[in-house]
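A.B. asks: Mind looking at a prediction? Sequence and model below.
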Amino acid sequence: MSQGDQEKSMDKKEIAEEEREKMLNAENTKHTVASPAPDSESEEQKPRKKIPIGGIKMPGFCRTKSKEPCKDDESKPVESSDGEATEKNAKENEQNVSSEKTNTPSKDAKEKEGRKGILDAIKLPLVSVFPRKKNKEGEVELGTTGTAGLASVETLNDGAGEKNPIGNEDGMETVRLDGDAPDGIESPKQHFLVACISAARRNLFALVATLCILISVIIIICVASVGPRKGSTQLVKDGNYVEAVTSCGPVQGISEDGAFAFRGIPFAISPLENRRWQPAEPLRRIEHCWTGTYLAHNSSDVCLQRDSSGGMIGTENCLHLDVFTPDVRYDSPLPVVVMIGAETLSGGSPGVMQPSAKLARVRDMVFVRPNFRLGIFGFLAAEPLSRATHPPTSGNYGLSDIIAALQWVQLNIENFGGNKKSVTVWGHRAGGTLVTTLVGTRRARDLFSKVWISSGSAIFPGRELEVSEKLSEQFLNSIRCSDAACLRGKSAEELMDSIPETWHLGNVGLPETREATSKDRRHEWLVLDRAILQEPVGQIWAGDDFSVKIVMGTTAHAGAPLKYLNSNTTLNSTQVEKIVRESLLGTTGLADEALKRYNATLKGLLSMISDIRVVCPLLTVARMKTNIPFYVAIQPRGQIADPDSDAAAILGSFAARTPEEKRHVSAMQQLFNHYVWHGEVAQADSNGVKRVLIVGQDTLPERDYPNCDVWIGKDIVPSYGRVD
């Protein structure tokens, strides 16, 4: 464009501006004269409507103060001249200003009614979508952060008083968008909850579907985690009987003393005929189980054995067990105590180890007492039996019975209210010997978690199978059998009568001189059978770190011979001295020292025998591990602390009469109960320095037990310890 043309254009604009100014002045003068003074209001005093961020102000588009409703100007010709456009805008402004000043409240109401239809159509959707927000001056703005806002009809005006409008030559004013906000001015932000609610409203169907799926998953997980609920056992017949479930079928017990007793439950196949001298076989097959409900009301017969008077009692079909429980339930399972009791491996089982329903209720424990084979039926190791077995082996059948009973406990005891993860095996006397043998063996692993051994033997099986078979030839010659079929065809009475007398444990007293030369030929029931016992028990104890916890103990007179247990028995000092000097102690020159250390009384003699045969040998076993507490019960029951006094105190059959005896019973029960429930002996020294617990009226920890070091140093202990 040439300079002349530019000058002409500028002249045109100046002329148009002068004409516009004249017209506005004239119009203002006319309206000022016509309008009454109270109604007159200057343009500056009139409140201005705010145009929201993102809105675009267009001239003539729905003006709020116009005298006439919005109309389309499509009929008017559009001029391209700048001057004409400017003149047209000026005229429109004059008309708008005039209408604003002459408008009265009544006219405004009419105008609003006239515009109501189109305004509602435009205003309501916009207002409902975009949230209102007040600025610092209290005026309402529309729009959200980061998006262009639209102006509603209410906010549009001429904008004569607007701040920072961006003017165009075509008469339009563009308002800044949110993203173009100057520095220091924050764009309006929508609240997080409002955004979430808005999104939820827009996606209501998807939200409801997601919530339904989520609730369904939660319900499924809860049901799966709870698992099937086992119904509580129903008592029948006025509460006299109770039923429980076993792996072989339901059994019915009887209510006694506020608890429940199940007696005579089979746990293995009967060891009869061809099953004689075979390892115990648990009841795994359906044909070995029972139909209907097994009535476990009465105690079964014990296994065949010799009683204290030498008579034969019991039966071969004896692999049954008794269960005593406070309640048949599945919630809050109770600790379990499996009791293995026998005076010797030939007989005297269960002896003092007889629990009851009342004991289970008072102690809040589940007690299990299994039968196991004894003597010739439980431990015979003979070449004909080994030859008939594959792989060749024989002996230790009684041990297999105990293992089968412990497997039954793991499988079924939770149905009787017991906790299979908290099983304590308590072995007493010969039963303690069997339990000591099972500790550390692979077949008994994970079947129990705690062990309590009282008055067991410290002489472990160490003979090879071939040696034991050779020593059994005397019995085979007596019974006149050379093969397994012949042995299994004999009656139980014939077999029992053919047992050599030397195989029975007699009334053991002080070591005799002949024992020094006959130790290798003495009979031992337990044997290294290469099936259950594959290595000497002493090596297992010396080498392995057991996963089970162990407590060992005995009484001060656990080795007292049966003939001295009669309360009417008396010995004077001369008789005691004679017994000592005629024993191995006299022939080895230890009689004087022994009499000096022990009083020459009956009680002193029984203490001497017990230390050599039982107490000190067991202490040597406990010393193999640093974490085995060892107790000695010294409180007399009558005149002496007999071999069963500690077990009787624990079971509550100790007839305590004096305050001292009552305190002793309480001390023993606290030791045992705490150990069964918590797996620890609270009074034991954690450092192992004072590991010997002397249990009299109270429990006192000591470093050692008197006189044991003397007998160990003289090689009397454990060489002459009791065998079984």
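C.D. replies: Great, that's in hand.
A.B. asks: Only C-alpha atoms from now on, for both contacts and neighbour counts.
C.D. replies: OK.
A.B. asks: Okay, now the unreliable bits of this structure?
C.D. replies: Scanning the chain for pLDDT under 70 picks out 1-11, 26-193, 196, 200, 222-239, 505-507, 544, 567.
A.B. asks: mind giving me the domain split of it?
C.D. replies: Domain segmentation of the chain under automatic domain parsing yields 3-71+82-190, 193-201+205-226, 228-547, 555-724.
A.B. asks: tell me which residues in whichever strand or helix holds residue 403 are buried?
C.D. replies: Counting by DSSP states H and E, the element that carries residue 403 is helix 397-412. Neighbour-count burial for helix 397-412 flags 397-410, 412 (criterion: 16 or more other C-alpha atoms under 10 Å).
A.B. asks: Can you classify the most centrally placed residue in the chain by secondary structure?
C.D. replies: Using C-alpha atoms, centre = their mean, the residue of the chain that lies closest to the mean C-alpha position is residue 421, 10.4 Å off. Under DSSP: H, G, I helix; E, B strand; the rest coil, residue 421 falls in the strand class.
A.B. asks: State the distance from it to residue 471.
C.D. replies: With the distance defined as C-alpha to C-alpha, to the nearest Å, residue 421 ends up 41 Å from residue 471.
A.B. asks: So which residues of the stretch 501-650 of the chain form strands?
C.D. replies: Secondary structure of the stretch 501-650 of the chain (DSSP state E, counting those that start in this stretch): strands at 549-555, 630-633.
A.B. asks: and those strands, which is most packed in?
C.D. replies: Ranked by mean neighbour count under mean count of other C-alpha atoms under 10 Å, these are led by strand 630-633, which reaches a mean of 27.
A.B. asks: what's it packed up against?
C.D. replies: Counting contacts by 3 or more C-alpha pairs under 8 Å, 6 or more residues apart in numbering; DSSP states H and E, strand 630-633 packs against strand 549-555, strand 692-695.
A.B. asks: just to revisit the earlier point, residue 375: which of the strands of the stretch 501-650 of the chain is closest?
C.D. replies: Residue 375 lies closest, by C-alpha to C-alpha, to one member of the strands of the stretch 501-650 of the chain: strand 549-555, at 23.8 Å.
A.B. asks: got a list of contacts for the closest one?
C.D. replies: Identification of contacts with strand 549-555 by C-alpha atoms under 8 Å, 6 or more residues apart in numbering yields 449-456, 614-615, 618, 622, 628-634, 641-646, 679.
A.B. asks: Of the buried residues of helix 397-412, which is the nearest to residue 220?
C.D. replies: Nearest to residue 220 among the buried residues of helix 397-412, with distances taken as C-alpha to C-alpha, is residue 412, at 29.2 Å.
A.B. asks: hang on, isn't that closest one packed against residue 246?
C.D. replies: Yes: between residue 412 and residue 246 there is a contact under C-alpha atoms under 8 Å: 5.6 Å.
A.B. asks: Would you quantify the distance from the closest residue to residue 637 other than its chain neighbours to residue 692?
C.D. replies: Excluding the flanking residues, the one nearest residue 637 by C-alpha to C-alpha, 6 or more residues apart in numbering is residue 645, at 6.6 Å. Using C-alpha to C-alpha, one gets 18 Å for the distance from residue 645 to residue 692.
A.B. asks: Same check on residue 430?
C.D. replies: 22 Å.
A.B. asks: same thing with residue 719?
C.D. replies: Residue 719 is 22 Å from residue 692, where distance means C-alpha to C-alpha.
A.B. asks: the more surrounded of the two?
C.D. replies: Taking other C-alpha atoms under 10 Å, residue 719 and residue 692 do not tie; residue 692 has more neighbours (26 against 18).
A.B. asks: got the contact list for that one?
C.D. replies: Residue 692 neighbours (C-alpha under 8 Å, 6+ apart): 629, 630, 631, 632, 684, 701, 702, 703, 704, 705.
A.B. asks: Run through the bridge partners of it.
C.D. replies: Per DSSP bridges, the residues bridged to residue 692 are residue 630, residue 702.
A.B. asks: quick one: the helices in the stretch 201-350 of the chain?
C.D. replies: Counting by DSSP state H, counting those that start in this stretch, the stretch 201-350 of the chain has helices at residues 204-226.
A.B. asks: which residues of it fall in strands?
C.D. replies: Under DSSP E, counting those that start in this stretch, the stretch 201-350 of the chain gives strands at 241-246, 249-256, 259-266, 294-295, 305-306, 312-313, 320-325, 334-342.
A.B. asks: still on that earlier bit, just the buried residues of helix 397-412 now: which is nearest residue 540?
C.D. replies: Closest approach between the buried residues of helix 397-412 and residue 540, by C-alpha to C-alpha: residue 399, at 16.6 Å.
A.B. asks: in terms of contact, does the closest one touch residue 434 like I think?
C.D. replies: Yes: using C-alpha under 8 Å, residue 399 makes contact with residue 434 at a distance of 7.0 Å.
A.B. asks: any idea how far the spatially closest residue to residue 553 that is not a sequence neighbour is from residue 612?
C.D. replies: The shortest distance from residue 553 to any non-neighbouring residue, by C-alpha to C-alpha, 6+ apart, is to residue 631 (4.5 Å). According to C-alpha to C-alpha, residue 631 and residue 612 sit 16 Å apart.
A.B. asks: Kindly report the same for residue 571.
C.D. replies: Here the criterion is C-alpha to C-alpha. By it, residue 571 lies 20 Å from residue 612.
A.B. asks: Who has more neighbours out of these two?
C.D. replies: More crowded of residue 571 and residue 612, by other C-alpha under 10 Å: residue 612, with 26 against 13.
A.B. asks: Surely that one and residue 714 touch.
C.D. replies: No: at 11.0 Å, residue 612 does not count as touching residue 714 under the criterion of C-alpha under 8 Å.
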